[in-house]
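In: Based on what follows, work out the 3D shape:
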Amino acid sequence: MRTSPVLVTGAAGFIGFHTSLRLLKSGKTVVGIDNLNDYYDVNLKKDRIKELEKFDGFTFVKVEISDKGQMEKLWSDYGPFKRVVHLAAQAGVRYSLENPYAYITSNCMGHVTVLEMCRHTEGFEHLVYASSSSVYGGNEKLPYSVNDNVDHPISLYAATKRSDELISHSYAHLYDLPQTGMRFFTVYGPWGRPDMALFIFTKAICEGRKLPVFNHGKMKRDFTYIDDIIDGVLAALDTPPVRDGKKAPCRVLNIGNTRSENLMDFIRLIEGELGKKAELDLLPMQPGDIAETFADIEETTRLTGFQPRTTIHEGVPKFVNWYKDYYKVET
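Out: The predicted structure is shown next:
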């Protein structure tokens, strides 16, 4: 009997690419989907897919997750999918101020469409989906715990991610659909997104341009290396929640590094790896941004065994080396 493949949505994205790669290296069959939108360089997305297509067990299909007809055809042609890692979303806090409709379509409608496909799949096992540390909004208690109140988002992006969590809970309650939402904390590493700080800073230093540094550099982030993120995703995928009395088979977990690093220390590491001094453009805090993030992963470790291993002193050099190789940068 044919083994049901794992479906990874957003497979051309940063986390989706690495999730697919890890699954393929472990011998799993993966169907990866993405709409290849132009929010950032499409060529980077296509190059990620080319890397995945080196594996016989990988199939890529261009799909818009919010399109019910396309998703039904995907399920019919390549499914059924009993395990789904749903990472497709319109990313970015700041872009949500410019194009709110993209966030509602992709993050909310897309999420509901995925849920509908999963609930109509006989013997469905587990949906793991991407949430975000941004749901903690203006919370001042640190570290952020999954037991904290998160009903005061300060960006539309965060509001859509929190909405996904609530919608998922209702589906888990109504249909016994096992689900885990992953609140990712500032993910970085090779093949990273061009709109993220490490990529922006590295590119600016290489090109001799000023670095845009918000809140005048008074920022702290729980930077989490991509390999640790994938450890968390797959540990969660292999340990689906179960109904406990009236409690629905649904949970949210923090996936972070449990270290809140000063942004300026992060920049100094990049400078050291490139052998170049950065020129800083100190700017005020951006609307919708958060001054500090810090993950409490106690619940994640208890339920899945997840433990991050990579410090920024190990992770930043790996990204910079990838960047120089991919973009043929000589320093």
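In: Strands along the chain, start to end?
Out: Ranges of strands within the chain are 6-9, 30-34, 58-62, 83-86, 126-132, 179-184, 187-188, 211-213, 220-221, 224-225, 250-255, 261-262, 280-282, based on DSSP state E.
In: Which helix runs longest in the chain?
Out: For the chain, the helix that runs over the most residues, judged by DSSP state H, is helix 156-175.
In: returning to that earlier point: could you dump the strands of the chain to JSON lines with distance to Thr304, mean pLDDT and mean neighbour count?
Out: C-betas here are computed from N, CA, C, even on glycine. Compiled in JSON lines, the strands of the chain are given as follows (distance: least, CB to CB, whole Å; pLDDT from 0 to 100; neighbours: other CB atoms under 10 Å):
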{"stretch": "strand 6-9", "distance to Thr304": "17", "mean pLDDT": "98", "mean neighbour count": "27"}
{"stretch": "strand 30-34", "distance to Thr304": "21", "mean pLDDT": "98", "mean neighbour count": "25"}
{"stretch": "strand 58-62", "distance to Thr304": "25", "mean pLDDT": "98", "mean neighbour count": "17"}
{"stretch": "strand 83-86", "distance to Thr304": "14", "mean pLDDT": "98", "mean neighbour count": "26"}
{"stretch": "strand 126-132", "distance to Thr304": "11", "mean pLDDT": "97", "mean neighbour count": "25"}
{"stretch": "strand 179-184", "distance to Thr304": "9", "mean pLDDT": "98", "mean neighbour count": "25"}
{"stretch": "strand 187-188", "distance to Thr304": "17", "mean pLDDT": "96", "mean neighbour count": "25"}
{"stretch": "strand 211-213", "distance to Thr304": "35", "mean pLDDT": "86", "mean neighbour count": "18"}
{"stretch": "strand 220-221", "distance to Thr304": "23", "mean pLDDT": "90", "mean neighbour count": "22"}
{"stretch": "strand 224-225", "distance to Thr304": "15", "mean pLDDT": "96", "mean neighbour count": "26"}
{"stretch": "strand 250-255", "distance to Thr304": "7", "mean pLDDT": "97", "mean neighbour count": "25"}
{"stretch": "strand 261-262", "distance to Thr304": "24", "mean pLDDT": "90", "mean neighbour count": "17"}
{"stretch": "strand 280-282", "distance to Thr304": "39", "mean pLDDT": "87", "mean neighbour count": "14"}
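In: how about those in TSV, adding distance to Tyr327?
Out: Shown next, in TSV, are these (distance: least, CB to CB, whole Å):
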stretch	distance to Tyr327
strand 6-9	26
strand 30-34	22
strand 58-62	24
strand 83-86	28
strand 126-132	27
strand 179-184	25
strand 187-188	16
strand 211-213	17
strand 220-221	24
strand 224-225	20
strand 250-255	28
strand 261-262	25
strand 280-282	22
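In: Which stretches in this structure count as helices?
Out: Here the chain has its helices, by DSSP H, at 14-25, 42-52, 68-78, 100-103, 110-119, 156-175, 197-206, 226-237, 263-274, 298-304, 312-326.
In: just so I know, which of those helices lies nearest Ser145?
Out: Nearest of the helices of the chain to Ser145, taken as CB to CB: helix 298-304 at 7.7 Å.
In: how much distance is there from that closest one to the middle of the chain?
Out: 19 Å (CA atoms, centre = their mean, to the nearest Å).
In: Packing partners of it?
Out: Counting contacts by 3 or more CB pairs under 8 Å, 6 or more residues apart in numbering; DSSP states H and E, helix 298-304 is packed against helix 226-237, strand 250-255.
In: right, and those - which one's nearest Glu314?
Out: Going by CB to CB, the one of those nearest Glu314 is helix 226-237, 9.8 Å.
In: Show me where this structure dips below the pLDDT cut-off.
Out: Filtered on pLDDT under 70, the chain yields the residue ranges 1-2, 288, 331.
In: Tell me who's in contact with Ser66.
Out: Going by CB atoms under 8 Å, 6 or more residues apart in numbering, Ser66 touches 105-106, 109-110, 113.
In: Excluding chain neighbours, what is closest to Phe184?
Out: With sequence-adjacent residues excluded and distances taken as CB to CB, 6 or more residues apart in numbering, Phe184 is closest to Ile255, at 5.4 Å.
In: From Asp222, how far out is the one you found?
Out: With distances taken as CB to CB, to the nearest Å, Ile255 is found 10 Å from Asp222.
In: so what sits against both of those two?
Out: Counting by CB under 8 Å, 6+ apart, the shared contacts of Ile255 and Asp222 are 185, 295.
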